[in-house]
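sequence plus predicted model, see below.
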Amino acid sequence: MSLSNIQQVIEELDRIILYCENKQSRQAYFAALYRAMTESVKNGIEKGVFNDSNRMEKLDIIFATRYLDAWNCNNQSQPCSTSWITAFASTTNNNLTVIQHLVLGINTHINLDLAIAAAETAPGLTIFDLQQDFEKINQIIAALTNEVQLRLEKIWWPMRLLRNIVNSREKAVINFSISTARKTSWANAVALASANELNRINYITGIDNTVNKVAHRIISPGYLANTILMPVRWLEYKDVRKVISVLKQPLPVNLSKP
């Protein structure tokens with residue numbers, strides 16, 4: 001897929017969300033969150049909050065294209081990253097909570113796609129010039145995920161219990177930490193930026209396999225975690241369109257200028 005600006009990314013995400021609404025597919029859950037993230041990046045670029053606006057738009061387009069290509073390939077039964085296959089396949093699993101579906105997408109997009117996109121945007125030693133803006137991308141993802149959790153808490157009260165347990169036990173309930181993911185993603189970006197083509201391919205395969213293992217731990221977090229998640233599943237909307245309507249509401253994130 002060839003995109004030239006962030007607005008085109010948003011339009012493609014709208015297309016996916018609409019398609020999923022019509023199909024009642026939970027694949028729209030992450031797409032809706034990602035749309036909010038892309039809108040926040042777009043607003044940030046327009047307000048000059050990034051060190052290099054042109055470079056950030058380039059990064060965002062490469063970053064988004066990896067997700068859009070994966071979604072299109074999966075939808076057409078064509079090969080894509082193993083971790084994305086797992087994330088997309090999980091959307092048919094009725095035993096997962098909304099937050100698990102969202103985290104499965106975040107896991108692959110931060111740990112795999114963001115590292116690759118950063119290395120392509122700033123190869124070699126220029127990768128270090130990107131670090132501050134890279135961190136702001138992760139700040140947006142973390143802030144939006146936090147906003148989504150707060151919104152879900154208002155609708156399904158057991159989410160408040162989940163939030164407390166998540167905060168006090170280093171996100172042990174769903175076996176995923178955004179703060180850990182962002183550090184790992186940056187380390188991978190630095191390694192990929194200086195790797196030759198062969199090593200790059202092998203390195204990406206290794207990242208994909210590791211991210212896929214994390215995905216399976218999110219899907220099956222263990223007996224205790226499943227017990228905690230059970231009341232959330234019971235009270236969540238069963239109508240996929242209702243969930244999408246909640247996730248589609250604006251999620252503002254304020255970023256400061258450098």
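In hand now; what should we look at? Residues are numbered from 1 along each chain as shown.

residue 107 against residue 84, yeah?
No - counting by CB atoms under 8 Å, residue 107 does not reach residue 84; the two are 10.2 Å apart. Heads up, the C-betas are built off the backbone N, CA and C, glycines and all.

residues of stretch 17-37 that come out buried?
17, 20-21, 25-37 (16 or more other CB atoms under 10 Å).

any idea how far residue 115 is from residue 230?
Computed as CB to CB, to the nearest Å, the residue 115 to residue 230 distance reads 34 Å.

higher neighbour count, those two?
A side-by-side neighbour count of residue 115 and residue 230, using other CB atoms under 10 Å, places residue 115 first with 26 against 13.

give me the pLDDT for that one.
Taken from the predicted model, the pLDDT recorded for residue 115 is 96.

ok, it - contacts?
Listed by CB atoms under 8 Å, 6 or more residues apart in numbering, the contact set of residue 115 reads 185, 186, 188, 189, 192, 207.

neighbour-wise, give me the winner out of those residues.
With neighbours set by other CB under 10 Å, the maximum within the contacts of residue 115 is found at residue 185, which has 25 neighbours.

in what helix or strand does it lie?
Element membership of residue 185 [criterion: DSSP states H and E] is helix 178-193.

gap between that helix and the chain center?
14 Å (CA atoms, centre = their mean, to the nearest Å).

which strands and helices sit next to that helix?
Applying 3 or more CB pairs under 8 Å, 6 or more residues apart in numbering; DSSP states H and E, we find helix 178-193 packed against helix 98-108, helix 115-121, helix 131-155, helix 197-219.

how about a markdown table for those helices, with distance to residue 72 added?
What follows is these, written out as a markdown table (distance: least, CB to CB, whole Å):
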| stretch | distance to residue 72 |
| --- | --- |
| helix 98-108 | 15 |
| helix 115-121 | 17 |
| helix 131-155 | 22 |
| helix 197-219 | 18 |
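
so for residue 250, which of these sits nearest?
Residue 250 lies closest to helix 131-155 among those, at 9.7 Å (CB to CB).

what about stretch 86-98, how long is it end to end?
End-to-end distance of stretch 86-98: 16 Å, with CA to CA, to the nearest Å as the criterion.

and that stretch, what's buried?
86, 87, 88, 90, 91, 96, 97, 98.

tell me which element residue 55 is part of?
helix 53-75.
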